[in-house]
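In: Need coordinates for the following:
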Amino acid sequence: MYLPQYYRVKENDEWWGDGYTDWTAMCRAHPLFEGHKQPKMPMDNYMYDLMQKETMLWQAGLMKKFGVYGMCFYHYWFKNGRRILEKPAENLHIWKDVDMPFCFCWANVGWSRSWSNIPNQGARTWTEVYEKGEASGNGILMEQSYGNEKEWIEHFGYLCPFFQDERYIKKGNKPVFLTYDTRYILCMDEMLQCWNRLAVKNGFDGIYVIGAGCGGKDIESLDAYLVMEPNTVFCSVFRAKTADKEQQGTTKIIAYEDFCEKSLSYTLQNNKTVYYSGMTCYDDTPRRGKNGIVVINDHPKKFKVYLTKLYAKNAVLKNECVFINAWNEWGEGMHLEPDQEFGYGYLQAIPYAEQHYREELCR
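Out: Numbers count the residues shown, from 1 in each chain. As a prediction, the model looks like this:
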């Protein structure tokens, strides 16, 4: 999973301060309890700008070296076709010499202030610790709405040139497209019927649509589901704490070993294909402050074991890929990119898992 949040946009300047990116949150993070490792910094302090071609060339080089097949870019498309953080994918589409296979995950939830209440959207608060000013208005930053056929056609028209890119990841002759939370897309079946018709008109056999993090709610037009980590485990572990008012405003903590055990043991019963994802490490206190979640005792050696078993779990189901969260979510402490503490450790787990997961199948 690839976060395109590392370049300056006017909305971030307005909401969070001049020049805000995820690097800002990462650099200003600080420990909240004894043994809490913050800030977590990239190796050689390489805080890149995604507007620079050399950045994507560097990322593509790391992918090839360590066996990462492709990037799943978060795609933001809001009410009336409003877009944000779209430039990295648009640049990649132009830079044909950057060897980076890619697909999209539509992060189809509204953006809001931490104090807002947006019903039926599953809205996310991007960063609580950088909010400015008093609570006023409805707290909506980016409203998510799905419109009707006119809007669906416009959205597909934007996506189609990416689908036609030779590097765009496909299953057969179908572009792979993820939707982050289908529970809130009440028009999902009708919209995807429209998109599939348009895809056929443009030379494809349709679209291969994966519902990511949607809890397996049966939606006829979906082709597959993705069990999205770390949210699947977090929802089961912290649901009770979140509901307890005494626990609100306190940092929630889980050991990496416990996370991995729960992640690997979870199964989703469904007649469609189910992909199981994994997570490198996690600490969203740079964005959430004391309201965050911290996974402690993480280490590349533990991730290596976890990822190998995750490969085997997907192989049993004849899944052709494994999703890893994330390539570069530095504001949430999830990254494969090299860091100061472990260097290339998380990346090195990938070729190891590729070489050894078959041994897990024999156990």
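In: what stretches of the stretch 1-150 of the chain score poorly on pLDDT?
Out: 115-123, 132-137 (pLDDT under 70).
In: hey, where'd the helices end up in it?
Out: 10-16, 22-27, 53-66, 87-94, 149-163 (DSSP state H, counting those that start in this stretch).
In: Which among those helices is found nearest to Asp339?
Out: Asp339 sits nearest to helix 22-27 of all the helices of the stretch 1-150 of the chain, at 10.3 Å, using CB to CB. All C-beta atoms are positioned from the backbone trio N, CA, C, and that covers glycine.
In: for the closest residue to Trp330 other than its chain neighbours, what are its contacts?
Out: Leaving aside its sequence neighbours, Trp330 sits nearest to Met26 (CB to CB, 6 or more residues apart in numbering; 4.6 Å). Applying CB atoms under 8 Å, 6 or more residues apart in numbering to Met26 gives the contacts 39-41, 286, 330-331.
In: From Leu141, how far off is Asn328?
Out: Counting by CB to CB, to the nearest Å, the gap from Asn328 to Leu141 is 22 Å.
In: before we move on, what about Asn291?
Out: Taking CB to CB, one finds Asn291 at 18 Å from Leu141.
In: Output the helices of the stretch 1-150 of the chain in a markdown table; the columns should cover distance to Val274.
Out: Converted to a markdown table, the helices of the stretch 1-150 of the chain look like this (distance: least, CB to CB, whole Å):
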| stretch | distance to Val274 |
| --- | --- |
| helix 10-16 | 35 |
| helix 22-27 | 30 |
| helix 53-66 | 25 |
| helix 87-94 | 27 |
| helix 149-163 | 24 |
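In: Need the winner for burial among those helices.
Out: helix 22-27 (a mean of 20; mean count of other CB atoms under 10 Å).
In: Backbone dihedrals for Val274, please?
Out: Main-chain torsions, Val274, degrees, to the nearest 10: phi -120, psi 120.
In: sorry, back to before: out of the helices of the stretch 1-150 of the chain, which is closest to Asn319?
Out: Of all the helices of the stretch 1-150 of the chain, helix 53-66 sits nearest to Asn319, with 19.8 Å by CB to CB.
In: Which strands and helices lie in contact with that closest one?
Out: helix 87-94, helix 345-361 (3 or more CB pairs under 8 Å, 6 or more residues apart in numbering; DSSP states H and E).
In: quick one on the thing from earlier: give me the distance between the residue nearest to Trp330 and Ala89.
Out: Counting by CB to CB, the gap from Met26 to Ala89 is 22 Å.
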